[in-house]
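In: generate a structure from the sequence data that follows.
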Amino acid sequence: MCNKFCICQTDDAKDLPIPKYMTEYAAGMDLYANVHETQIIPVGKIKLIPTGIKISMPENFEAQIRPRSGLALKYGITLLNTPGTIDSDYRGEIKLIMINLGEKDFEISRSDRVAQMIINRIEQVKFEVVDSLKESKRNDGGFGHTGIK
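Out: Sure thing, here's the model as predicted:
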C-alpha cells in the first residue's frame, strides 16, 4: 500500500518509461503512448490513447493532464477535456482523449511522448448561499471587456 505519490504500470506497459521531468525546472512530466501498433489520428478525428500507468496521490492533490505545446504547434494535436483532472481517489489507467486539429493525419507510435502531467495541490471549499455578491471594480465585465490594446 502506498500513502504518498505512487505509480504502477499496466502489464502491457512495463517496458515504457514512467513519467519524468525532462528538464530541471519543468512543471510537467511527459506521458508516453502505450500503443502496440502505430495509431493514426485522421484530421478532425478523436482517438483514446492509453498511457499504461495508474497513479495514487495523497488527499488534496490532483494530476492535470495537458497537451504538449510542440505537438500542438507543429501538428495541431491537442487533448480534449484539457486540462483533464485525475482525482486523488481515481485508480484506473490514465488515458488521453486526443484530437487532430492539424492539416495531416498524425501517427502515434509506442513510447511517443504525447502529453504532460502536472501535479497540483487542491483545496475543497464550501459555498455560503447569499442573496447578492459584494461589488467589485470589474463586476460582471467579461469576454474581452478590457479590449485588445
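In: C-alpha from now on. contacts and neighbour counts both.
Out: Will do.
In: quick check: phi and psi on the nearest residue to I46 once chain neighbours are set aside?
Out: Computed as CA to CA, 6 or more residues apart in numbering, the closest residue to I46 that is not its neighbour in sequence is I99, at 4.4 Å. I99 adopts backbone torsions of phi -130, psi 150, taken as degrees, to the nearest 10.
In: how near is I99 to H145?
Out: 31 Å (CA to CA, to the nearest Å).
In: compare these two (neighbour count), which wins?
Out: Just comparing I99 and H145: by other CA atoms under 10 Å the higher neighbour count belongs to I99, 20 against 9.
In: next one: the residue in the chain sticking out farthest from the centre relative to T85, how far apart?
Out: Going by CA atoms, centre = their mean, the residue of the chain most distant from its centre is D131, 36.8 Å out. From D131 across to T85, the span is 32 Å (CA to CA).
In: quick revisit: my read: the residue nearest to I46 touches P67, true?
Out: No: using CA atoms under 8 Å, I99 is not in contact with P67; the gap is 10.3 Å.
In: where do the contact lists of these two overlap?
Out: I77, T78, L79 (CA atoms under 8 Å, 6 or more residues apart in numbering).
In: any weak-confidence spans in this structure?
Out: 1 (pLDDT under 70).
In: how about the helices in it?
Out: 69-75 (DSSP state H).
In: center of it, which residue is that?
Out: I65 (1.1 Å).
In: is it true that that residue touches M117?
Out: Yes: counting by CA under 8 Å, M117 is a contact partner of I65 at 4.6 Å.
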